[in-house]
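Colleague: Need a 3D model of the sequence below.
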Amino acid sequence: MSWAVDYHSPRTAALGGSGRAGPLLNDAIMLNPSFGSFLPVYSISANYSLFNGPSFGTASGPAVNSGRVYNASIQDGRTEFLQAGASFTQREDAAFVHVGLSKAFLKRYSGGLTSKIMRNNQTGAVDVDLVFSATGVFADWLQVALVADNLIQQPATQNYGLYREFTLGTKFNAMGIVLAYFDPFAAPSLPINAGGLGYAAGLEFVFFKDFFLRVGNFYNAQVPFQGIRGSGAGLGLGWVAPRISLDYGFQRVFGPRQAFAHTFGTTVYF
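Modeller: Just a heads-up that it's a prediction; the model follows:
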């Protein structure tokens with residue numbers, strides 16, 4: 001299994017796995033914990049995914065070719081001293097608990113740390129790792145984030161594809177009408193032809209200030225519901241009201257093994 005990006009929300013899936021420099025609400029817990037400092041709300045989120053693809057084997061045993069993924073999270077971005085969030089994900093192969101902390105400095109810069117606990121559903125083995133991130137809001141049109149995932153990279157967990165990975169996330173805002181994301185990454189422990197270099201990219205089109213159309217593309221990126229690195233595309237919709245958001249994302253994997261996933265989610269914030 002590959003556990004560098006452990007879950008894709010509807011928005012993340014639609015954007016091809018990109019969005020680290022500008023995650024929406026509870027997505028920050030997974031993608032970039034430091035961004036929680038720029039989300040001054042309390043928010044509760046619930047997501048559901050349905051996926052289908054071919055059967056194949058992994059280093060930790062046979063992978064599931066179809067199934068469901070459940071995710072629930074809560075985030076507190078309003079506490080002044082320190083912002084925090086927690087997430088639980090139940091996949092077919094493993095269960096995950098993420099706890100993230102963040103702190104802003106000089107209003108436009110922040111740092112964050114997430115601890116994650118993973119339990120393999122087949123063996124019962126429990127592993128722990130860390131994610132560090134930093135975000136800078138350099139201008140109204142430019143945000144940049146650096147995310148270091150799987151910092152511990154224990155020898156035992158490398159059998160599951162849990163390799164250290166560094167991602168440079170970027171977000172470009174074109175007058176609030178089009179938001180562009182580009183997240184190149186490197187996994188130094190992997191050769192280039194095994195997914196050591198790749199990217200996720202996406203576009204978010206804003207209509208009437210509350211309706212979003214999203215498209216994305218990814219290459220050699222993590223596909224959480226398959227537990228492998230792959231290439232493909234995403235598409236989705238979102239609606240953000242004053243106290244609730246509704247989102248849908250479709251993800252299609254073209255290789256190395258074809259598969260698809262539908263993801264639905266809602267977030268209540270106040």
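Colleague: Which of the residues in stretch 142-152 are classified as buried?
Modeller: Residues of stretch 142-152 classed as buried: Gln143, Ala145, Leu146, Val147, Asp149, Asn150 (neighbour count, 16 or more other C-beta atoms under 10 Å). In short, each C-beta sits where N, CA and C put it, glycine included.
Colleague: ugh, wrong one, I meant stretch 110-123
Modeller: Judged by neighbour count (16+ other C-beta under 10 Å), stretch 110-123 contains these buried residues: Ser110, Gly111, Gly112, Leu113, Thr114, Lys116, Met118, Asn120.
Colleague: Show me the beta-bridge partners of the fourth one.
Modeller: Legend: beta-bridge partners of Leu113 under DSSP bridges are Leu101, Phe132.
Colleague: Could you report the pLDDT at it?
Modeller: We note a pLDDT of 94 for Leu113 in this prediction.
Colleague: That one and Phe132, how far apart?
Modeller: To Phe132, Leu113 is 6 Å away according to C-beta to C-beta, to the nearest Å.
Colleague: And the second one, by the same measure?
Modeller: Distance, Gly111 to Phe132, using C-beta to C-beta: 8 Å.
Colleague: Kindly report the same for the first one.
Modeller: Counting by C-beta to C-beta, the separation of Ser110 from Phe132 is 12 Å.
Colleague: Point out where the stretch 1-150 of the chain drops to low pLDDT.
Modeller: For the stretch 1-150 of the chain, the stretches flagged by pLDDT under 70 are 1-4, 54-64.
Colleague: Not counting sequence-adjacent ones, nearest residue to Pro184?
Modeller: Excluding its sequence neighbours, the residue lying closest to Pro184 (C-beta to C-beta, 6 or more residues apart in numbering) is Tyr199, at 4.5 Å.
Colleague: How many residues are close by the one you found?
Modeller: For Tyr199, the count of nearby residues is 19 (other C-beta atoms under 10 Å).
Colleague: which residues sit in contact with the residue positioned nearest the centre of the chain?
Modeller: What sits nearest the mean C-alpha location of the chain, by C-alpha atoms, centre = their mean, is Leu31, with 4.1 Å. Contacts for Leu31 (C-beta atoms under 8 Å, 6 or more residues apart in numbering) come out as Val5, Thr12, Gly19, Arg20, Pro23, Val147, Gly169.
Colleague: nearest residue to the first one other than its sequence neighbours?
Modeller: Take Val5 and drop its neighbours on the chain: the residue closest to it by C-beta to C-beta, 6+ apart is Gln222, 4.2 Å away.
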